[in-house]
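Engineer: Just the structure for this:
(3 chains)
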Amino acid sequence: MAGKIDARLAELGIEIPDAPAPAANYVPYVVTGNLVIVSGQVPMEAGKVSVTGVVGDGSVTEEQAIGEAQKCAINLLAQLKTATGGNLDRVKRVVKLGGFVASTPDFTGQPKIINGASDMMVEVFGDAGRHARFAVGASALPLGCVVEIEGMFEID
Amino acid sequence: MAGKIDARLAELGIEIPDAPAPAANYVPYVVTGNLVIVSGQVPMEAGKVSVTGVVGDGSVTEEQAIGEAQKCAINLLAQLKTATGGNLDRVKRVVKLGGFVASTPDFTGQPKIINGASDMMVEVFGDAGRHARFAVGASALPLGCVVEIEGMFEID
Amino acid sequence: MAGKIDARLAELGIEIPDAPAPAANYVPYVVTGNLVIVSGQVPMEAGKVSVTGVVGDGSVTEEQAIGEAQKCAINLLAQLKTATGGNLDRVKRVVKLGGFVASTPDFTGQPKIINGASDMMVEVFGDAGRHARFAVGASALPLGCVVEIEGMFEID
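Structural biologist: So this is what the prediction gives:
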């Protein structure tokens, strides 16, 4: 089924991968009422994390970190696609993104990094993609990832 | 319209500023069902962050950090005021605050800092201001802010 | 009242303590609609935190940290038991755990630590215990705790 959002994704050249499976006793998302709560997604691509490090210590650039946030966004979309039975047109609103950026104490540009994901949500969903969010520095993230983003979405 | 909560704010000498606008593709709050999800607020005052630093490295005192948490609370109230169409009497419950304190590894007094915001919620809303929360240390926060606090509120 | 989940807890040898009281102007949980939002729980046992430190600096082992996550899970269950009026059978779903692990910049095994709590939820609630989650590194946590975990639960 190719819906309106699928068409928009194609237009943007964004390919939604199969949703990454979690490695433990948790699940990628839970639907409660009309909310979808999506687990923190890391920038895994084809099962691999290609960029690791902490922003601010020279191991990763801001541009790279923004790219990693975009990969998190794509994985959030992949989970959401599964949660909606493949029909992203059921998404009524991106409610919230919670963004963690592996940061040294003196890197304070977390918003710019998480914009990589925020911008993609608006590109894909338009006004329905505008969301509440937080963007904070984490001392470290799983697998050495640069960014981890959790999501809350409203579906019909 | 001056409601009961507006009167209480005046009594407390708390002036609610215009709600700070986010600088990117996200929004200050999203209403879903009867929940208002408010983006992480930083201690911006009149468009400026006056205190920056990390608690524990000598750059900022605990007292200052508590003051910064209070500013976050005021900005949460400002967003909430907009979300309720100017009528804070519609707030049924402060559901949750998520508090991040820029902290060195050996500063472990995050609860005391976030109390600056928690106490204000109870001063303003009474028992309806009692909320669930977390208080954790972040390695760094946007713009070098000392505190960032997100909020979840129930409205009628 | 000994319900199905109480029996399961007894079977697992998990004793649910009295719910720890928060030390400030916040509450251990808030019920909104059919969601229970539980405050970030630390590994307090009989009013005491016995293990403190940061994973990665040698002050605490991974095994110890997993044990601390289990204590957080038990405290989440304690709060949830109070929230459900003592009847854990009313829990329809563990919706989300938000896990913070006090971590040095080079410790990247947060998921393994938080599994201590995730696994317990599934042991106790079965499939209803499978949840969305995030697991991230915090620079420091309250009282020097190694782990802090917040929870969201659906009840009937």
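Engineer: and A:Ala10, how many neighbours?
Structural biologist: 11 (other C-beta atoms under 10 Å in any protein chain shown). All C-beta spots, glycine's among them, are computed from the backbone N, C-alpha and C.
Engineer: tell me the SS of it?
Structural biologist: Here A:Ala10 is helix, with the state taken from DSSP: H, G, I helix; E, B strand; the rest coil.
Engineer: What is the longest strand along chain A packed up against?
Structural biologist: In chain A, with assignment by DSSP state E, the single longest strand is strand A:91-102. When contacts are defined as 3 or more C-beta pairs under 8 Å, 6 or more residues apart in numbering or on different chains; DSSP states H and E, strand A:91-102 packs onto strand A:35-41, helix A:62-83, helix A:110-125, strand A:132-138, strand A:147-155, strand B:29-32, strand C:132-138.
Engineer: Pull out the buried positions in the longest one.
Structural biologist: Just to be clear, that refers to helix A:62-83. A:64-83 (16 or more other C-beta atoms under 10 Å in any protein chain shown).
Engineer: model confidence over it, on average?
Structural biologist: For helix A:62-83, mean pLDDT is 96.
Engineer: Would you mind naming what in chain A lies close to chain C?
Structural biologist: A:23-30, A:32-33, A:37-40, A:52, A:54, A:57, A:98, A:100, A:102, A:104-105, A:137-145, A:148, A:150 (C-beta under 8 Å from any C-beta of the partner chain).
Engineer: Buried members of those into ChimeraX, please.
Structural biologist: Remark: buried members of the residues of chain A next to chain C, expressed as a ChimeraX selection using 16+ other C-beta under 10 Å:
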select /A:24,25,26,27,28,29,30,32,37,38,39,40,52,54,98,100,102,104,105,137,138,139,140,141,142,143,144,145,148,150
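Engineer: near chain B too, which of the buried residues of helix A:62-83?
Structural biologist: Okay, of those, nothing touches chain B (C-beta under 8 Å from any C-beta).
Engineer: List the residues that contact the residue lying closest to A:Asp18 once chain neighbours are set aside.
Structural biologist: Distances taken as C-beta to C-beta, 6 or more residues apart in numbering or on different chains place A:Ala78 nearest to A:Asp18, at 6.8 Å, with adjacent residues excluded. For A:Ala78, the contact set (C-beta atoms under 8 Å, 6 or more residues apart in numbering or on different chains) comprises A:16-20.
Engineer: Can you report phi and psi for A:Cys145?
Structural biologist: phi -60, psi 150 (degrees, to the nearest 10).
Engineer: Any figure for the gap between it and B:Ala135?
Structural biologist: 24 Å (C-beta to C-beta, to the nearest Å).
Engineer: Could you report the neighbour count for the closest residue to chain B within chain A?
Structural biologist: Relative to chain B, the nearest point of chain A is A:Phe134 (3.2 Å; C-beta to the nearest C-beta). When neighbours are defined as other C-beta under 10 Å, A:Phe134 has 27 of them.
Engineer: which ones are touching the residue of chain A found nearest chain C?
Structural biologist: Nearest to chain C in chain A, going by C-beta to the nearest C-beta, is A:Gly40, at a distance of 3.2 Å. Applying C-beta under 8 Å, 6+ apart, one finds that A:Gly40 lies in contact with A:98, A:100, A:148-150, C:133-136.
Engineer: try A:Gly58
Structural biologist: A:Gly58 makes no contacts at all, as judged by C-beta under 8 Å, 6+ apart.
Engineer: And what about it, helix, strand or coil?
Structural biologist: coil.
Engineer: got a pLDDT number for it?
Structural biologist: Model confidence at A:Gly58 (pLDDT) stands at 94.
Engineer: check contacts around the residue of chain A most remote from its centre.
Structural biologist: Most distant residue from the mean C-alpha position of chain A: A:Asp106, 24.2 Å away (C-alpha atoms, centre = their mean). By C-beta under 8 Å, 6+ apart, the contact list for A:Asp106 reads A:56, B:140.
Engineer: same question, A:Gly53
Structural biologist: A:59-60, A:102, A:144, A:146.
Engineer: Count the neighbours of the nearest residue to A:Ala65 once chain neighbours are set aside for me.
Structural biologist: Leaving out its chain neighbours, the residue that sits closest to A:Ala65 by C-beta to C-beta, 6+ apart is A:Ile113, at 4.5 Å. Per other C-beta under 10 Å, the neighbour tally for A:Ile113 reads 28.
Engineer: Could you report the distance from A:Ile113 to B:Pro17?
Structural biologist: 27 Å.
Engineer: ok, now A:Arg130?
Structural biologist: A:Arg130 is 22 Å from B:Pro17, by C-beta to C-beta.
Engineer: Of those two, which one has the most company?
Structural biologist: Between A:Arg130 and B:Pro17, counted using other C-beta under 10 Å, A:Arg130 has the larger neighbour count: 19 against 15.
Engineer: So which bits of stretch A:93-112 are buried?
Structural biologist: Buried, per 16+ other C-beta under 10 Å, within stretch A:93-112: A:93-105, A:107-112.
Engineer: Spit out the contact partners of the residue nearest the centre of chain A.
Structural biologist: Taking C-alpha atoms, centre = their mean, the centroid of chain A lies closest to A:Ala73, which sits 2.6 Å from it. The contact partners of A:Ala73, by C-beta under 8 Å, 6+ apart, come to A:116-117, A:120-121, A:149.
Engineer: Who are the contact partners of the residue nearest to A:Ala65?
Structural biologist: Going by C-beta under 8 Å, 6+ apart, A:Ile113 touches A:55, A:62, A:65-66, A:68-69, A:99, A:101, A:135, A:146-147.
Engineer: quick check, nearest of these to C:Asn87?
Structural biologist: Using C-beta to C-beta, A:Gly99 is the member of these that lies nearest C:Asn87, at 36.8 Å.
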